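Novice: my questions are about this predicted structure, shown below with the sequence.
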Amino acid sequence: MTDERIFEGTPCDYTAYYCEENVWRLCKRIQQSSDSTLEEFYVIFISNNNETVALWKQRASNEESGLVIWDYHVILIRKTLNAVLVFDFDAELQFPCTFCDYVSGVLRSDKGLQARFQRQFRVIPAMQFLKTFASDRSHMKVIADGSAYIKPPPPFPPISVIDCSMNLKEFIKMKATSVPGQILNYDNFLYFFSPHHPTNLFSVGSLLT
């Protein structure tokens, strides 16, 4: 499978270990020049209170199964009346892939998974994400040095909004309420994004954990 991620015939901007920026740049591209409507897209932060979540088929893995324990991960989902597609820059799957393929390949089941590795999902409309997200990349810097990066950063300026230069940690923390998004557990996440579930997430309080 090619390392290149293609959307509507054009390669996407991609930097390994900067999943939130990869998704942000794809959202921005959709907003500015795509035939698609951004209202169909949701940004998903996957994490938990321990910041230890299990995901499979990850390109960064050294395991045959592709297992990685991430502190967090960020993906993009497009939900229409006819299909649900997942854009994960770091998965060894088609780009995009179907929601069903993503669940069976990357998420797998929570049953039998130790509680500290179980996943929670912050679900954010893509437009809200573009308006509120900021990262100065300080989380990727070597603390002792302060200027060197753990992994090379993207060749673009850091993302900021008018009143904030860094709120990535708030998006990752599933208990944080200072940034947008609804928090779903595994079962509710599957229920909402199942291809035949048309309900608007943000009007269904019974889904929220």
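Specialist: It's in. Residues are numbered from 1 along each chain as shown.

Novice: which residues touch the nearest residue to residue 7 once chain neighbours are set aside?
Specialist: Nearest in space to residue 7, with sequence neighbours left out and distances taken as Cβ to Cβ, 6 or more residues apart in numbering, is residue 26 at 6.5 Å. Where you see a C-beta, it was placed from the backbone N, CA and C, and this is true even at glycine. Shown in contact with residue 26 (Cβ atoms under 8 Å, 6 or more residues apart in numbering): 7, 12-13, 76, 87.

Novice: quick check, central residue of this structure?
Specialist: In the chain, the centroid-proximal residue (Cα atoms, centre = their mean) is residue 74; its distance is 1.8 Å.

Novice: just say helix, strand or coil for it.
Specialist: The local conformation at residue 74, judged by DSSP: H, G, I helix; E, B strand; the rest coil, is strand.

Novice: identify the bridge partners of it.
Specialist: In this entry, residue 74 is beta-bridged to residue 45, by DSSP bridges.

Novice: what of the one 4 residues further on?
Specialist: Per DSSP bridges, residues listed as beta-bridge partners of residue 78: residue 41, residue 85.

Novice: isn't it right up against residue 38?
Specialist: No - counting by Cβ atoms under 8 Å, residue 78 does not reach residue 38; the two are 9.7 Å apart.

Novice: so who does residue 18 touch?
Specialist: Going by Cβ under 8 Å, 6+ apart, residue 18 touches 137, 140, 151, 153-154.

Novice: among those residues, the buried ones, what's the ChimeraX command?
Specialist: In ChimeraX, this line selects whichever of those come out buried by 16 or more other Cβ atoms under 10 Å:
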select :137,140,154
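
Novice: possible to save the contacts of residue 18 as CSV with pLDDT, distance to residue 70 and secondary structure?
Specialist: Below are the contacts of residue 18 laid out as CSV (pLDDT from 0 to 100; distance: Cβ to Cβ, whole Å; DSSP: H, G, I helix; E, B strand; the rest coil):
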residue, pLDDT, distance to residue 70, secondary structure
137, 96, 17, coil
140, 95, 14, helix
151, 95, 13, coil
153, 96, 18, coil
154, 97, 18, coil
